[in-house]
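> no sequence for this one, just the structure:
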């Protein structure tokens, strides 16, 4: 029998309905990543599972018990379902160790001595034993999240719900938290993780929920979802293409403006500095050095697409005038500069427009 | 963990503040006690006619008492004077000596005890018109027509010489005759008459040997004795005597009401038992051509003055007991109001957490109504309207009033503190399996307390200071006791200083207690006691 089964779950707020009709079953030992665009009810779904949000309708059955039924002791159910929050939510009036032992001592009636011993072991496991006497406001975000995970495990839950555990973290701290979650996965903990870390989701999960339009839009193994998504919406999301279009209409165009646009585009999309450098070089050498001085080239259009998943960029440059393969016929210095930079080049000449497509990879 | 550096002895700003405050207080005591020298010559003969007369005071600053309409007299004798109104004579004596006013209008009987005690006060012997004194009677006649009965009694007393005897006792010099028998010896088969008055009007109504006595009290006593009534006296601020009687909460109001049209519109008044001649009290120095010079350095007299001041204000008639009683009442009202008010505030915070649609608007209105009413008005409404017909003791009314007021304030402060605690912690506790109440008490409230306690202690201190208005509803707290003592010693400095010191020290106590509480609940960087060895 499945551990959690969700039937026709619906959650309405005044004006929006994040969850329309969610149906699924979650089995013991599964590590499920919940992915999908923002605002598609991923967190709401998670928060409905332990009734932090009250479902508008539908059933949630945990270990054979309908927790949405009146009279069900939700505090008992919650003890079996740990939750890790985006904003850590450590208790500010307690030390790190007290945070970890508070619930086992008060709720599970574990003797204090035992709880302290176990708490220290857990802190050691997440690498936070040194800070046991500190207060939460003395820790970094990553440290707080590791303590929050220890606090959740201290209750020995059957499943842990992670609500975007790394979204509020400095990028440098994401790794330490993901490492702890990976450790739990290796131990066979059942987990449901709402995340935007695609690579992590792909590596660690046994199953992926792609949520969109208020339902679990696609449900499959990481291979199915990431490499061969069945539905178009999933594919678009998984590929996660970032695009930038530059237009050059005359030879007194704003060169610095174009360079800055590429910089900003790269920074906003967390594209590696090396990749940004490559994109800029292609733009400078082909457009600025070789196309702008041909009067018949205008208007020039540059489309840049970057895929997070492939970590590769595709640049499509189209320009007017006679047939002219700017890559092949570039000046010697440019040609030499670009030679080893690009992954592949293709040229076409349709409808009086020259089009050159260049792919750049991360090597 | 790195060891913290050892803390050295140093003077904390708080200690410094206390020291500076105490030094300032001592300087203030010396200034006030020593500063006003009796007989200072301030107003010599201004019109240059060789004598000091009423005419010399026309155009000066003159004090007048509320409750008696002296305007016609002033218009006639001192048309150009600037008038300031005071609610009792002792205040005017102090104002006169401090040079705030140049003289004040006073009726003869009230003037004599002042002159006797205070050599700095003199008077212009020209008498102005007189006014007629009588009791005021409530229009709510639940004990029959007391007014007519009193009129009958006054007429009879005039005839048989009783009134003359009373006058002789209270306006005379023989202190041993100025005694009123205990009120509980009165036969009270016809009910108990409730009397509202203010006791700062020697010899008409005042406190002697901690008992309310005086000319009017004697009349009332004999009246009650004759007609078999009991008598219950409430001492309040003079300005609230008339409203108290109008409301029907009291049957009779005393302490020198003038028979005037204004009064007659609101209340009944009996036949006058005394016609008070009006005089102008001035600085004794104004009248004296032989100047008080060469009295010796005032410094040599400081000790003596301070001692005589302590004697007059505290030791004589065991007046320090009044101070202690006043302190007790102030402490009781303050602490009970803080206790019950905190319960209300806490209760509101707790109930607000429930999602009830009705609770929040109710509590909001409560808070807004209470915050929108000045506390003194709230007290009066409770005393005269809400509990007007009940016999609840004024002190409990004060406790209820301040509890309501503090409850509103504390709920707002606690709510502010709770709002400052991050909402996520509540969800985290719930997700762990704590109940809503456990969450509130274990995690949210302790953190909120750290945020709101500093403001809370300020609110408690402001409540303490605000209790000084309870004199309006006949509660004798430390401020009111100070007034009573002042009315006998004719000295402002010492009673005010005593009150100041009392409030200051009580405020410190509150501050220290809250500080200790804060220290106890604030997360201080400590070690967990049970070190279970290394893991």
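Structure received. These figures come from a predicted structure and were not determined experimentally.

> mind listing the strands for the stretch 1-150 of chain A?
Along the stretch 1-150 of chain A, counting by DSSP state E, counting those that start in this stretch, strands occupy A:4-13, A:16-26, A:31-35, A:57-62, A:65-66, A:81-84.

> Please list the residues outside the last one that contact it.
Meaning strand A:81-84. By CB atoms under 8 Å, 6 or more residues apart in numbering or on different chains, the list of residues contacting strand A:81-84 from outside reads A:46, A:49-50, A:52, A:62, A:145, A:148-149, A:152-153, A:155, A:157-163, A:165, B:427-428, B:431-432. Any C-beta I mention is one placed from the backbone N, CA and C, and that applies to glycine too.

> how about it: buried residues?
By 16 or more other CB atoms under 10 Å in any protein chain shown, the buried positions in strand A:81-84 come out as A:81, A:82, A:83, A:84.

> Could you single out the nearest of these to chain B?
Nearest to chain B among those is residue A:83, at 3.9 Å by CB to the nearest CB.

> quick one: that closest one from residue B:352, how far?
Computed as CB to CB, to the nearest Å, the residue A:83 to residue B:352 distance reads 26 Å.

> same thing with residue B:108?
Taken as CB to CB, the span from residue B:108 to residue B:352 is 62 Å.

> Kindly report the same for residue B:492.
Relative to residue B:352, residue B:492 is positioned 47 Å away (CB to CB).

> Residue B:439 now?
According to CB to CB, residue B:439 stands 15 Å off from residue B:352.

> which of the two has more neighbours?
residue B:439 (20 against 17; other CB atoms under 10 Å in any protein chain shown).

> and that one, what does it touch?
Shown in contact with residue B:439 (CB under 8 Å, 6+ apart): B:426, B:429, B:430.

> again, only using 6 Å
By CB atoms under 6 Å, 6 or more residues apart in numbering or on different chains, the contact list for residue B:439 reads B:426, B:429.

> shouldn't residue B:406 be in contact with residue B:342?
No - using CB atoms under 6 Å, residue B:406 makes no contact with residue B:342, being 7.3 Å away.

> Local confidence estimate at residue B:379?
Note on residue B:379: pLDDT of 91.

> Could you do the one 4 residues further on as well?
The predicted local confidence for residue B:383 comes out at a pLDDT of 88.

> tell me, how many neighbours does residue B:432 end up with?
There are 26 residues near residue B:432, going by other CB under 10 Å.

> and the stretch 251-363 of chain A, which residues reach chain B?
Taking CB under 6 Å from any CB of the partner chain, no part of the stretch 251-363 of chain A reaches chain B.

> helix/strand/coil for whatever residue of the stretch 251-363 of chain A ends up closest to chain B?
Nearest residue of the stretch 251-363 of chain A to chain B: residue A:270, at 26.4 Å (CB to the nearest CB). Three-state secondary structure (criterion: DSSP: H, G, I helix; E, B strand; the rest coil) places residue A:270 in coil.

> all strands for the stretch 251-363 of chain A, in order.
Under DSSP E, counting those that start in this stretch, the stretch 251-363 of chain A gives strands at A:300-307, A:312-319, A:344-350, A:353-360.

> so what's residue A:90 up against?
A:99, A:136, A:144, A:148.

> what about 10 Å?
By CB atoms under 10 Å, 6 or more residues apart in numbering or on different chains, residue A:90 lies in contact with A:96, A:99-100, A:135-137, A:139, A:143-145, A:147-148, A:151, B:422, B:424-425, B:428.

> Check the residues you listed for burial and list the buried ones.
A:96, A:99-100, A:135-136, A:139, A:143-145, A:147-148, A:151, B:422, B:425, B:428.

> any idea which of the residues you listed is least confident?
Among the buried ones among the contacts of residue A:90, residue B:422 has the weakest pLDDT, 84.

> do you know how far that residue is from residue A:88?
From residue B:422 across to residue A:88, the span is 10 Å (CB to CB).

> Spit out the residues that contact these two alike.
Taking CB under 10 Å, 6+ apart as the criterion, residue B:422 and residue A:88 both touch residue B:428.

> before we move on, the earlier item: can the strands of the stretch 1-150 of chain A go into JSON lines with extra columns for mean pLDDT?
JSON lines is the format used below for these (pLDDT from 0 to 100):
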{"stretch": "strand A:4-13", "mean pLDDT": "93"}
{"stretch": "strand A:16-26", "mean pLDDT": "92"}
{"stretch": "strand A:31-35", "mean pLDDT": "94"}
{"stretch": "strand A:57-62", "mean pLDDT": "92"}
{"stretch": "strand A:65-66", "mean pLDDT": "89"}
{"stretch": "strand A:81-84", "mean pLDDT": "94"}
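
> Of those strands, flag the one that's most buried.
Comparing the strands of the stretch 1-150 of chain A by mean neighbour count (mean count of other CB atoms under 10 Å in any protein chain shown), strand A:81-84 ranks first with a mean of 26.

> Which neighbours in the sheet does it have, and how are they oriented?
Using DSSP bridges, strand A:81-84 pairs in its sheet with strand A:159-163 (parallel).

> Show me the shaky parts of chain B.
B:1-14, B:30-50, B:288-302, B:355-356, B:523-535 (pLDDT under 70).

> most residues in a single strand of it, which one?
Taking DSSP state E as the criterion, chain B has its longest strand at strand B:121-137.

> ok so, going back, give me the subset of the contacts of strand A:81-84 lying in helices.
Counting by DSSP state H, the contacts of strand A:81-84 place A:46, A:49, A:145, A:148, A:149, A:152, A:153, B:427, B:428, B:431, B:432 in helices.

> so who does the fifth one touch?
To tie it back to what came earlier, the one meant is residue A:149. Residue A:149 sits next to A:82, A:84, A:88, A:100, A:122, A:125-126, A:128, A:160, A:162, A:165, A:177, A:180-181, A:183-184 when contact means CB under 10 Å, 6+ apart.

> who's in contact with residue A:110?
For residue A:110, the contact set (CB under 10 Å, 6+ apart) comprises A:101, A:103, A:104, A:116, A:117, A:118, A:119, A:154, A:155, A:156.

> can you list those residues in CSV and add pLDDT?
Output for the contacts of residue A:110, formatted as CSV (pLDDT from 0 to 100):
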residue, pLDDT
A:101, 94
A:103, 94
A:104, 94
A:116, 94
A:117, 94
A:118, 94
A:119, 94
A:154, 94
A:155, 93
A:156, 92
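
> among those, who's most crowded?
Result: residue A:119 is most packed of these (other CB under 10 Å), 29 neighbours.

> Next one: that residue from chain B, what distance?
9 Å (CB to the nearest CB, to the nearest Å).

> isn't that residue right up against residue A:155?
No - Residue A:119 is beyond contact range of residue A:155, at 11.3 Å (criterion: CB atoms under 10 Å).

> what do the two both touch?
Shared contacts of residue A:119 and residue A:155 (CB under 10 Å, 6+ apart): A:100, A:104, A:110.
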